[in-house]
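Novice: Take this sequence and fold it.
(one chain, ligands or ions: 1)
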Amino acid sequence: MQLRPNQRTKLDDTDDKQFYAYPRFVTHVDEGFIQQLTDLYRERLQPNTRILDMMSSWVSHLPEEIEFSHVEGHGLNAEELARNPQLDNYFVQNLNENPQLPLADADFDAVLNCVSVQYLQYPEAIFSEILRILKPGGVAIISFSNRMFFQKAIQVWRDSSEGARVDLVKGYFNSSVGFTPPEVIIRQSDVPNFFQWLGVPVGDPFYAAIAYRK
Ligand SMILES: C[S@@+](CC[C@H](N)C(=O)[O-])C[C@H]1O[C@@H](n2cnc3c(N)ncnc32)[C@H](O)[C@@H]1O
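Specialist: Residues are numbered from 1 along each chain as shown. All right, here's what the predicted structure looks like:
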């Protein structure tokens, strides 16, 4: 899969660094989503392993009771990353400017990307980098919901249904030879549509695509 040039466009195509210049000490999804993500990490991540949290911020959502040997953070805002208590080290890099990660081959047991994949304009290049830095058997966990900074998400994401976004992320994995077939976890609200129309609040839907380096 290769995106077409128009599918990579953002409504706001000013430098992403400007958009993230001021720190946002907020959570981008609700408690239910974060709980599901932390549970998934608890299930898939092992103690004493090396983790990269890509496109991170002041929170990584990692289970607090698990001791990792190293957690590397990456993002666009140094102040947010400096405040993240789960990171051992971090670096700032605009992946839409330079997709090449300054990290060694086969050095990580897990690469995580939470609620950010929609901002990648060259996802094929980034997923090939994720594959490169993963150890054989290492896992990539890409999670997302239906919220986004609309003006910074790429066209194909903005204009896709939630189901089509799942297929898109699977396609990103499949664009690099060397990942296992991606597994998908979907947890949508069980509040019936009728009650949603009446305004009964529904939680953020949870989507995760998971693949391992063969
Ligand atoms: C919605 S926040 C999610 C932050 C964090 N993963 C979390 O769970 O709260 C989106 C993140 O994507 C990152 N990001 C957006 N555009 C980027 C780009 N062009 N290059 C690198 N990172 C980018 C920013 O660091 C920002 O913190």
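
Novice: what mean pLDDT does stretch 164-183 have?
Specialist: For stretch 164-183, the mean per-residue pLDDT is 98.

Novice: Mind listing residues that contact it?
Specialist: 1-2, 117-118, 123-124, 126-128, 130-131, 140, 142, 144, 156-157, 160, 184, 186, 207, 209-214 (CB atoms under 8 Å, 6 or more residues apart in numbering). In this view, the C-beta of every residue, glycine as well, is placed from N, C-alpha and C.

Novice: tell me which parts of this structure are close to the ligand?
Specialist: By the rule CB under 6 Å from any ligand atom, the part of the chain lying against the ligand is 16, 20, 28, 55-57, 59, 75-77, 94-96, 114-116, 119.

Novice: Residue nearest the middle of the protein, spatially speaking?
Specialist: Of all residues in the chain, the one closest to the mean position by CA atoms, centre = their mean is residue 113, 2.3 Å from it.

Novice: Show me the contact partners of the helix or strand hosting it.
Specialist: If you go by DSSP states H and E, residue 113 is part of strand 108-114. Contact partners of strand 108-114, identified using CB under 8 Å, 6+ apart, comprise 37, 41, 44-46, 49-56, 60-61, 72, 130, 133-135, 137-144.

Novice: swap in stretch 121-132?
Specialist: 1-3, 8-10, 54, 95-96, 99-101, 105-106, 111, 117, 120, 140, 154, 172-173, 175-176, 178-179, 213.

Novice: change it to 7 Å
Specialist: By CB atoms under 7 Å, 6 or more residues apart in numbering, the residues outside stretch 121-132 that reach it are 2, 8, 95-96, 99-101, 105, 111, 117, 120, 140, 154, 172-173, 175-176, 178-179, 213.

Novice: from these, which ones fall inside helices?
Specialist: Among the contacts of stretch 121-132, DSSP state H puts 172, 173 in helices.

Novice: by contact count, what packs against the helix or strand of the chain with the lowest mean pLDDT?
Specialist: The helix or strand of the chain with the lowest confidence, counting by mean pLDDT, DSSP states H and E, is helix 193-197 at a mean of 74. The helices and strands touching helix 193-197, judged by 3 or more CB pairs under 7 Å, 6 or more residues apart in numbering; DSSP states H and E, number zero.

Novice: Could you tell me how far that helix lies from the centre of the chain?
Specialist: Centroid separation for helix 193-197 versus its chain: 30 Å, with CA atoms, centre = their mean, to the nearest Å.

Novice: Mind listing residues that contact that helix?
Specialist: With CB under 7 Å, 6+ apart, helix 193-197 has contacts from residue 202.

Novice: And that helix, what's buried?
Specialist: Under the neighbour-count criterion of 16 or more other CB atoms under 10 Å, helix 193-197 has nothing buried.

Novice: ditto for stretch 94-110
Specialist: If you call a residue buried by 16+ other CB under 10 Å, then stretch 94-110 has these buried ones: 95, 96, 99, 101, 103, 108, 109, 110.

Novice: next one: stretch 75-93
Specialist: Buried, per 16+ other CB under 10 Å, within stretch 75-93: 75, 76, 77, 80, 81, 84, 86, 87, 90, 93.
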